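Engineer: The following block contains a protein sequence and its predicted model.
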Amino acid sequence: MKRGAVILATVALAATLGGCFSSGSGIQSGERVDIYVSMPLHGPEAGNGRDVVDAARLALADANGMAGRLRIRAIYMDDTSGHGAGARWSPAAAAANARRASQDSAAIAYIGDFDSGATRFSLPITNEAHILQVSPASSAIDLVQPFLGAGDQIPDQVQPTGQRTFGRVIPSDEAQANAGAAWAKRLGVATARVVGDGGSFSRVMETAFGEQARQSGIKVQRAKLTPPGTVCGLSSPAEPASKRPLGYYAGAEVPTQRQLACITNGIADTRLMATDALVNPAGIRALAPSSALVTSAAQDPSQLPASGQRFLRAFRERYHRAPGRYAAYGYEAMAVVLDSIRRAGDSGASRDSVVSSFFDTTNRHSVLGRYSIDDVGDTTLNQLAGYRIVNGRPVFATALTAPR
């Protein structure tokens, strides 16, 4: 079904459910409201998805299953399709999860999705239903702005009502690119060769990294990813290694090792940096021979403040495993939703009031650190992480800060 048809069907169904798009949402104060959580529970991202779900369960348990005077029921859903290692987030599954929430007159909020691509399919539906949607990991610019630098313009393709209902607790793609450029400057990089794969993610990262790098005095060269199979000969420059250029791969597609060699312009020992789009088994295999640097929008667990360290201990005690990078973001996504409901007071069962309360989040102390939600739904948290690929795995290298 096409998106427009999905939205129309959702609107029609909502009308039969007693006006659940109204400010009151058909929910009686003092009763139970529902929070839906949509994450990948199969396939390569299943580990991250389970971390987010289990952390959200922990946040709800810490709140004793309540937000103000309202009882909270959480419904956990899988947004993947397929089997085994071939399972991936699915447009149909993401949309179906959002439709299920929109058809529930008790639904007050939606946590998800993990991947920005999945969120592009769920958000138009939850937006039509005026349901607050908070993502712990979807960092794409076009979820909050129609394009990079669009200010407070609303992206009507994914928020078609013209009213904002989406926010996130993780820094945006722009913040990650800016943090990467700041890291390059800190490393003493004089020249950066920025290479993209032609995708929308790549265009944002190329532009944001390039602008921030130039502002810091780094000379920026732009290039496209070479075709697969291209062989680039290596040469040894006369200047010392510290003066050799940085190769910055801005794409989301996993390149071959030969393509990575070409990113460094055929110069041996050139440093290479990539984004967290390559922090996956295939990406790490491609990066491993180069000992590449990798930026991450999610902080390393070791970076979290004291409240975050308490969360990590509680997670280990409850689930008998170490939480990954996204667990704390799953906890905070649930925690800020519960807090938004609580702060809405007597209107905590009203969808519109909870949305407004979320956008009023200011100087919130959380397991991630202190942050506010800005006018477009982005977090003001600008703490990120830098990793180095060592022996085929990412090893935390440094804390990063995105320039504001």
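Structural biologist: Looks like it came in fine.
Engineer: Quick one: the helices in the stretch 101-250 of the chain, in order.
Structural biologist: Along the stretch 101-250 of the chain, counting by DSSP state H, counting those that start in this stretch, helices occupy 116-128, 173-186, 200-215.
Engineer: Next, format these as JSON lines and append mean neighbour count and distance to His320.
Structural biologist: In this view, the C-beta of every residue, glycine as well, is placed from N, C-alpha and C. Converted to JSON lines, the helices of the stretch 101-250 of the chain look like this (neighbours: other CB atoms under 10 Å; distance: least, CB to CB, whole Å):
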{"stretch": "helix 116-128", "mean neighbour count": "25", "distance to His320": "29"}
{"stretch": "helix 173-186", "mean neighbour count": "24", "distance to His320": "32"}
{"stretch": "helix 200-215", "mean neighbour count": "21", "distance to His320": "35"}
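Engineer: closest to Ser350 out of these?
Structural biologist: For Ser350, the closest of the helices of the stretch 101-250 of the chain is helix 116-128, at 15.4 Å, according to CB to CB.
Engineer: Report all helices and strands that that closest one contacts.
Structural biologist: Helix 116-128 sits against helix 3-16, helix 91-102, strand 132-135, strand 166-168, with contacts defined as 3 or more CB pairs under 8 Å, 6 or more residues apart in numbering; DSSP states H and E.
Engineer: hang on, the earlier thing: who wins for proximity to Phe166 among the helices of the stretch 101-250 of the chain?
Structural biologist: Proximity to Phe166 (CB to CB) singles out helix 116-128 among the helices of the stretch 101-250 of the chain, at 5.6 Å.
Engineer: which residues touch Tyr76?
Structural biologist: Val37, Met39, Val53, Ala56, Arg57 (CB atoms under 8 Å, 6 or more residues apart in numbering).
Engineer: Just say helix, strand or coil for it.
Structural biologist: Following DSSP: H, G, I helix; E, B strand; the rest coil, we place Tyr76 in the strand state.
Engineer: quick one, strands of the stretch 251-400 of the chain?
Structural biologist: 271-274, 293-296, 364-366, 369-371, 383-390, 393-401 (DSSP state E, counting those that start in this stretch).
Engineer: Generate JSON lines for those, with mean neighbour count, distance to Asp115 and mean pLDDT as supplementary columns.
Structural biologist: Formatted as JSON lines, the strands of the stretch 251-400 of the chain follow (neighbours: other CB atoms under 10 Å; distance: least, CB to CB, whole Å; pLDDT from 0 to 100):
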{"stretch": "strand 271-274", "mean neighbour count": "25", "distance to Asp115": "18", "mean pLDDT": "93"}
{"stretch": "strand 293-296", "mean neighbour count": "25", "distance to Asp115": "15", "mean pLDDT": "97"}
{"stretch": "strand 364-366", "mean neighbour count": "17", "distance to Asp115": "23", "mean pLDDT": "98"}
{"stretch": "strand 369-371", "mean neighbour count": "18", "distance to Asp115": "22", "mean pLDDT": "98"}
{"stretch": "strand 383-390", "mean neighbour count": "21", "distance to Asp115": "18", "mean pLDDT": "96"}
{"stretch": "strand 393-401", "mean neighbour count": "16", "distance to Asp115": "19", "mean pLDDT": "97"}
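Engineer: could I get those as JSON lines with distance to Ala192?
Structural biologist: Below are the strands of the stretch 251-400 of the chain laid out as JSON lines (distance: least, CB to CB, whole Å):
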{"stretch": "strand 271-274", "distance to Ala192": "8"}
{"stretch": "strand 293-296", "distance to Ala192": "12"}
{"stretch": "strand 364-366", "distance to Ala192": "33"}
{"stretch": "strand 369-371", "distance to Ala192": "28"}
{"stretch": "strand 383-390", "distance to Ala192": "15"}
{"stretch": "strand 393-401", "distance to Ala192": "16"}
